[in-house]
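1. Here's a sequence, model it:
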Amino acid sequence: MSAELAGQQIIILREGTNRSRGRDAQKANIVAAKIIAESVKSSLGPKGMDKMLVDGFGDVTITNDGATILDEMEVQHPAAKMMVEVAKTQDDEVGDGTTTSVVVAGELLKKAEDLIDQGLHPTVIVDGYRAASSKALEILDQIAIKVDPTDKATLRKVAEVSLASKLLAEYKEMSELAVNAVLQVAEKTPEGGFRVDIDDIKVEKKPGESLLDTVLIKGIVLDKEVVHPGEDRV
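-> Below you'll find the predicted structure:
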């Protein structure tokens, strides 16, 4: 019996599990990823629409921020989860462009599906995308505009573009505060540029006031409760 089973592949799946292989698996993964891209596509751009999300507890979230939309969605499909991770990584690394990254990934998969139908092997398609990525980065370096790290006017415009897709879109004054906070912790590098560690900036939230009452404190804030009712606050 053991000799007959030697070398044979044994797969154990849970009851009710569906297993797909080859072209069917590719199609299923691409469809799941495209659905995720379509779900945030309508929120892209200056005329992008807000999404109303209702979770299992009935809590409502209204936003057009791609990262927030995908974070609130209950995604189960593995390929779709990868698209969610794309948005999270983009948000962690850049802080903006989450919707764009997901939509672009969805379009690349859509084109890849057409190429697969024409008989191209997925490895060949991936190599082509890598070559295109290198060329795109080369062109971006050529057309990029160098910005002086101390040019507050330009930096504020960049911040305002990022705020446009957030809940803070109505508070453009926050862009100047953000720029000042970043420049406060910016450190010069040997190459002549600047390095910024966002962890050096702490956002302390206090209920009761407007966002316009936000202030930048150049120092350390210790959030402590009064130990005794007779104690004076400093």
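2. What is the subsequent helix or strand relative to the helix ranked longest in the chain?
-> Ranked by residue count, the top helix of the chain under DSSP state H comes out as helix 122-143. Using DSSP states H and E, the helix or strand that directly follows helix 122-143 along the chain is helix 152-163.
3. What are the buried residues along the longest helix of the chain?
-> Judged by neighbour count (16 or more other CB atoms under 10 Å), helix 122-143 contains these buried residues: residue 125. In short, each C-beta sits where N, CA and C put it, glycine included.
4. so what does that helix touch, helix or strand wise?
-> helix 98-117 (3 or more CB pairs under 8 Å, 6 or more residues apart in numbering; DSSP states H and E).
5. now the angle between helix 122-143 and the helix it packs on, please.
-> Here the directions of helix 98-117 and helix 122-143 differ by 140 degrees (axes from the mean of the first three to the mean of the last three CA atoms, to 10 degrees).
6. Could you list the domains of the chain?
-> Split into domains by automatic domain parsing, the chain comes to 23-143, 152-213.
7. so which of these comes closest to residue 225?
-> Residue 225 lies closest to domain 152-213 among these, at 12.5 Å (CB to CB).
8. What's the end-to-end length of the closest one?
-> Taking CA to CA, to the nearest Å, domain 152-213 runs 21 Å from one end to the other.
9. a helix runs through residue 62, doesn't it?
-> No. Going by DSSP: H, G, I helix; E, B strand; the rest coil, the assignment for residue 62 is strand, not a helix.
10. from what I can see it touches residue 54, true?
-> No. The pair residue 62 and residue 54 does not pass the contact test of CB atoms under 8 Å, sitting 10.1 Å apart.
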